[in-house]
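# build the 3D model from these lines:
(4 chains)
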There are 4 protein chains.
Amino acid sequence: MSMQSIRGSVRNFGGLIAVAAIACMTAGRANAAPSESRVVSLEIRSESLAHSKIGTNPVRKLEVYLPAGYENSARRYPVIYYLPSPLDPFQEEFYLHTAKPLLDRATAAGEIGSVIFVAIDMATPLGCSWYLNSPVTGNWEDFMVQELVPYVDANFRTLRSRDSRGIAGNFMGAYGAIRFGMTHPEIFGSVYGLHPVGTGSGLLTMYSRPDWDLLANAKSLDDVKRDGFSTIFTSIYEAHLPNPEKPPLYIDLQAHRVGGELVVDAAATQRLRESFFLEAMIPRYAENLKSLRGLRFDWARNDGNQDHVYSNQAFTHKLNEYGIRHESEEYNGVGGGGNWGDDGRIYTEVLPFFQRELVFTPGS
Amino acid sequence: MSMQSIRGSVRNFGGLIAVAAIACMTAGRANAAPSESRVVSLEIRSESLAHSKIGTNPVRKLEVYLPAGYENSARRYPVIYYLPSPLDPFQEEFYLHTAKPLLDRATAAGEIGSVIFVAIDMATPLGCSWYLNSPVTGNWEDFMVQELVPYVDANFRTLRSRDSRGIAGNFMGAYGAIRFGMTHPEIFGSVYGLHPVGTGSGLLTMYSRPDWDLLANAKSLDDVKRDGFSTIFTSIYEAHLPNPEKPPLYIDLQAHRVGGELVVDAAATQRLRESFFLEAMIPRYAENLKSLRGLRFDWARNDGNQDHVYSNQAFTHKLNEYGIRHESEEYNGVGGGGNWGDDGRIYTEVLPFFQRELVFTPGS
Amino acid sequence: MSMQSIRGSVRNFGGLIAVAAIACMTAGRANAAPSESRVVSLEIRSESLAHSKIGTNPVRKLEVYLPAGYENSARRYPVIYYLPSPLDPFQEEFYLHTAKPLLDRATAAGEIGSVIFVAIDMATPLGCSWYLNSPVTGNWEDFMVQELVPYVDANFRTLRSRDSRGIAGNFMGAYGAIRFGMTHPEIFGSVYGLHPVGTGSGLLTMYSRPDWDLLANAKSLDDVKRDGFSTIFTSIYEAHLPNPEKPPLYIDLQAHRVGGELVVDAAATQRLRESFFLEAMIPRYAENLKSLRGLRFDWARNDGNQDHVYSNQAFTHKLNEYGIRHESEEYNGVGGGGNWGDDGRIYTEVLPFFQRELVFTPGS
Amino acid sequence: MSMQSIRGSVRNFGGLIAVAAIACMTAGRANAAPSESRVVSLEIRSESLAHSKIGTNPVRKLEVYLPAGYENSARRYPVIYYLPSPLDPFQEEFYLHTAKPLLDRATAAGEIGSVIFVAIDMATPLGCSWYLNSPVTGNWEDFMVQELVPYVDANFRTLRSRDSRGIAGNFMGAYGAIRFGMTHPEIFGSVYGLHPVGTGSGLLTMYSRPDWDLLANAKSLDDVKRDGFSTIFTSIYEAHLPNPEKPPLYIDLQAHRVGGELVVDAAATQRLRESFFLEAMIPRYAENLKSLRGLRFDWARNDGNQDHVYSNQAFTHKLNEYGIRHESEEYNGVGGGGNWGDDGRIYTEVLPFFQRELVFTPGS
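Here you go, the predicted structure:
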């Protein structure tokens, strides 16, 4: 992996040099007033994503918020990794003009101590990577664990311990945050998921969502994009039922039509559920989950897709069944938007959560 | 296995002789008006239940309803096996005075063709056997499949095919009926469960139900009977987390107290769920379930224990996820009682279901 | 009111003459084999619907199924009125080729006694009349009670008593059937609703459904048809928040935008709910509901619009709160289609219900 | 009304004198370090409660927390009124040893500004007053509005405006807090309900809860105490279906047995619902609710009585239907306990809510 380019305020440098530049920019300011907070826009090239079947871009964007005082101190900081919804565009402007002022305000008000905040773009050509290794979409888990986190730790003054490393995400990104908490609690010690999806079965069956004729007859990935649910479900199948031998979608089909009837493949359904649903992963990762310092998620009660509400309710019930301590709040809202507003849940819930759960000082 | 004694109208005979007696009682009536329907009370001794750790009685009662015309014909009949709730007493009077007239009336009205109806007592000292083999409670699955059904087929003029064999049950018995449909579709071709329990997780955690101090300190099985939920859950653990080396309860504990805290054993929880919940069994038995001629269950919406409603809703959703055709109705009622009333669900739902699903003639 | 024309097998006659013709067609066949069943297609002109603001057609179609034997007997028959979903086209072909064979088969099998079945088209230009009097859409309640039922009783050999008169409907038509059971139990003694809507609040708010900018700026009724939910909700407002002084939609608005904010009119919301929701009508009509011989409704669990499921659950709970005896079943299905299939709920549920609840003989 | 006695640190004084004493105790400390916080235990005699039919004690206890600095300043403070669950004993010790340190800690940490906190005992002989005027239990609404609040304003240095007056409560007390917010927004500008009950219908009918034979045959109030639900429901009926002419319970019965059947009085049910359920009150008080500065409530998902969960879900849906802005969170918990713990919802939710919603300075 190498850092490809640095956009934003520190552009036009090659990898390591660029980072050195970041580290040096503050030289000589040690006694000055605390430096202002900044957002650094970067791109890194991932080896783990270099061999996908579907043309995943191995160059990934990240936005790094450095708190006020970072540049004229030698202090190390905890880090919050943030996985946005891959359905939203990943834009530097957002982190500069919305996230930065909110983080500044929260820090000033004492809602959270000084913290580095790293947003990373993990979208695939069809939308969501689902944050795991797949021969079709790329090795996203490896990218996160073996490349991104080491890169951040190497290039910024972080507290290099799970106790000081949190992960949060929104929608599909919340799925990713909880998944990484399950699979890598040695890296991420605290987890917050905002309105996660993919936690479990909904009220309607999965196989009722895609257009099976469209999938069966697709000549290219682009063909499936004609239908929203077909797109999302193909991204799910690429991650959880991948088949590198079957172009153009490179997936096993969970169902197919025989005459006018849809026949569901029970074995594929079981593989899909075991791989996909966070609920189904609980038994395998129960001890990991119990080891977390903090686990919290929430969801909006009035989501137009009530499958999300139903599955989150089932997910929290099952976590309780396994004796896994966690917080789970269903709030009055319709989902989407709002999280980053003045009274949004980032400010009122997520940052106070990490204030409680992260360790802000070395060696503890 | 041997038939121990015959109570009711044909008492005091030894095994095979008694059965011969049943067969001969109708001699000479061939040209007379159709014989009246009858209920025969029997006891059979089971080898499969002879070696339990908890004193399960290997002599089991059964009540056999023979339809009008049975005795003066040579015809063979389909059979409905019926598993009552083991929490209710198993009483000959009930089958004589309630079940018999209802079956007579339904047959006369054409709601169902002539059918043999066999009720069997599968209660254990703590209540429910949960209808599977356990080193602690006895081998109930073997009893059903290897002893009871062959016995009935050997001693009554049955149609000896899964197409002509149905199974129904109530409450825990409905659990048993569906479970046998899952595990032995080669024997039972159609299944009806009345208000099943144990289909899956409820709203409250399982481990919150038993009194763990009572279980940890019990000196005998009788000790746990001081608390209703502890009794039921010990019966569950005897079936699904059996440990023949651990008297007096012979179970592994799903949870235990450490100081004031309850610690849940995630591995035991997983074993328990995989063995116990019908929902968790679906992946392993999906093809069996798909092979059934008919699968139907229902439950009362206003059950005081809403866990039952919640888990049945989740069960039907998951059956749908696996593409398993079935009917599942939530009706306006509080559960318990009523099934055998004039407008009860046995008359209005169960018998019409078997009328549709059973084969009433040989060789088809 | 006058019968406008008779289509189908008895075409081209004027009003009363045509009816006389129907009555006479069977003359001289009294001793022959029972006549075959028939479907008669009619149109009647309604005075109650002649003065709407939105161009409701006062000429209404009806399809009348006369059972086998009707024409060569003097017998009187019970009547089932049927309100189809107004979102489906009202077609003679359907009643000839789908409803008639199903009713024939059910009668032959004894699922129901011989009965007259009357389907009536109550659609408005925007879809649903909601079956009540409105200065905007017409006086649909009066049409039903003062015109249609008297017309049928005058022109066919019906049993003219609520005990022998049932009403059923599908979707919005099920709303209508239950509503008429509430408001006119002296006319309809038994009621069956198939997947009713409009029984109460859903999970999402009503005001979140219409496009308020579209409604505020509509220049004609046709404008709102560009959006499905706006169309349905305008039909609701025309029935329940009518305002004849406000062309072109003739409704009071439940909400309006002020700046970017939607302001909900609480008083209009209350008027709307009290008029629209069957749930809200229960207190005013509790004694009427208790007086019904039979009340039953059902709904499909997996309706893509879970608001319908939620509100039907709330409706049955509230009926129970008022001690109103009824049946309410939530079944495994996705709604729509299927009701009129071989194993559909018309055959398996609706007709057996009326077989139990209707009186088939005079004077009882 | 007069203050009857002062317990705790300022005992043994008569009414007005005692209050003067409180006011004077801080004399001469003005320049000293900020005084420590204190809890003052008081009793006041209510005229509004002096004429009940059931022996309500008109002398009511209250516990008043005065923040650090109160005694050596002339500053005025906002007030949070607190209604505990009337099922818990009302104990000075609790407010001294649990509430006081928590309020101290939250104030010191900046979770909330300095505030006066007033807990009041509103229990009746059967448990709950339901916080309204009743000829049977006393005029609790008048007591609160005409006596308690004026008394506190007269005897402590409060900010005498709804903007600076909040009300919170737990369980039945949460019902009271929300009810007072509905009926008296001119007095209480912000409202927080912790796990409210009585917001609306549950899954089970109300009439299924009491023992109607016990109620029909009771010779005294004490008789109904033999059954928990009968006690609670008699308290509900005394508040909402009072009948001063019918000793010994002084209630109209919502249902009664005729033969073996329970007959529900629909008119009484309607009166009961309209008076009791917060949900039913929304239409009448929608504008009041919209005028509140803040409205928030929450409930524990895993309450053993799922009626509470169901009705709170319905309540928030209906508030949304009327366009009433509010927060409503369903959290992972079993209800009861915990609210006052270190991480309990008083500390993490209630106090931050009032920090946002209360005005802490005069004249704004």
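# for whatever residue of the stretch 101-250 of chain A ends up closest to chain D, grab phi and psi.
As assessed by Cβ to the nearest Cβ, chain D sits closest to residue A:110 within the stretch 101-250 of chain A, at 6.9 Å. To be clear about C-beta, it is placed using only N, CA and C from the backbone, and glycine gets the same treatment. Here is the backbone geometry of residue A:110 (degrees, to the nearest 10): phi 80, psi 10.
# with adjacent residues omitted, what lies nearest to it?
residue D:110 (6.9 Å; Cβ to Cβ, 6 or more residues apart in numbering or on different chains).
# surely the residue of the stretch 101-250 of chain A closest to chain D meets residue D:111?
No - in this structure residue A:110 lies outside contact range of residue D:111 using Cβ atoms under 8 Å: 10.3 Å.
# now the strand or helix carrying residue A:222: average pLDDT?
Taking DSSP states H and E as the criterion, residue A:222 maps to helix A:221-224. Averaged over helix A:221-224, pLDDT sits at 94.
# near chain B, anything from the helix or strand following it?
Downstream of helix A:221-224, the next assigned helix or strand under DSSP H and E is helix A:228-240. No - for a cut-off given as Cβ under 8 Å from any Cβ of the partner chain, helix A:228-240 has no contacts with chain B; the smallest distance is 13.5 Å.
# and for the very next helix or strand once past helix A:228-240, what's in contact with it?
Counting by DSSP H and E, the next helix or strand C-terminal to helix A:228-240 is strand A:255-258. For strand A:255-258, contacts defined as Cβ atoms under 8 Å, 6 or more residues apart in numbering or on different chains pick out A:207, A:212-213, A:216, A:262-265, B:323.
# ok, now with 7 Å
A:207, A:212, A:216, A:262-265 (Cβ atoms under 7 Å, 6 or more residues apart in numbering or on different chains).
# after that strand comes which helix or strand?
strand A:261-264.
# packing partners for that next one?
strand A:255-258 (3 or more Cβ pairs under 7 Å, 6 or more residues apart in numbering or on different chains; DSSP states H and E).
# paired strands for the strand it packs on, with orientation please.
strand A:261-264 (antiparallel) (DSSP bridges).
# by proximity to chain C, which residue of chain A wins?
residue A:306 (4.5 Å).
# tell me which parts of chain A are close to chain C?
Contact residues (Cβ under 7 Å from any Cβ of the partner chain) of chain A with chain C: A:203-204, A:302, A:304, A:306.
# now, the most widely separated pair of those residues?
Greatest spatial distance among those (Cβ to Cβ): A:204 and A:302, at 17.3 Å.
# centroid residue for chain A?
With distances taken as Cα atoms, centre = their mean, residue A:83 lies nearest the centre of chain A, 2.9 Å away.
# point out where the stretch 51-200 of chain A drops to low pLDDT.
Along the stretch 51-200 of chain A, the model assigns pLDDT under 70 to no residue.
# which stretches in it count as helices?
Using DSSP state H, counting those that start in this stretch, the helices assigned to the stretch 51-200 of chain A run over residues A:92-94, A:100-108, A:140-142, A:149-155, A:172-183.
# buried stuff in stretch A:64-81?
In terms of neighbour count (16 or more other Cβ atoms under 10 Å in any protein chain shown), stretch A:64-81 has its buried residues at A:64-73, A:76-81.
# report the entries of those that also contact chain B.
Applying Cβ under 7 Å from any Cβ to these, none is adjacent to chain B.
# from the residues you listed, pick the one nearest chain B.
Once Cβ to the nearest Cβ is applied, the member of the buried residues of stretch A:64-81 that ends up nearest chain B is residue A:81, at 26.4 Å.
# and the residue nearest to residue A:234 when sequence neighbours are not counted, how far from chain B?
Nearest residue to residue A:234, sequence neighbours excluded (Cβ to Cβ, 6+ apart): residue A:224, at 4.9 Å. Distance from residue A:224 to chain B, counting by Cβ to the nearest Cβ, to the nearest Å: 22 Å.
# isn't residue A:224 right up against residue A:218?
Yes - counting by Cβ atoms under 7 Å, residue A:224 does reach residue A:218; the two are 5.3 Å apart.
# shared neighbours of these two, anything?
Going by Cβ under 7 Å, 6+ apart, residues that sit against residue A:224 and also against residue A:218 are residue A:249.
# between the two, who's got more neighbours?
Ranked by neighbour count (other Cβ atoms under 10 Å in any protein chain shown), residue A:224 and residue A:218 place residue A:224 first, with 23 against 19.
# please point out which parts of the longest helix anywhere in chain A sit buried.
What stands out as the longest helix in chain A, according to DSSP state H, is helix A:306-321. Neighbour counts over helix A:306-321 (16+ other Cβ under 10 Å) mark A:306-321 as buried.
# would you mind listing what in chain A touches chain B?
Residues of chain A lying near chain B (Cβ under 7 Å from any Cβ): A:201, A:203, A:205-206, A:263-264, A:266, A:269-270, A:283, A:286-287, A:314, A:317-318, A:320-323.
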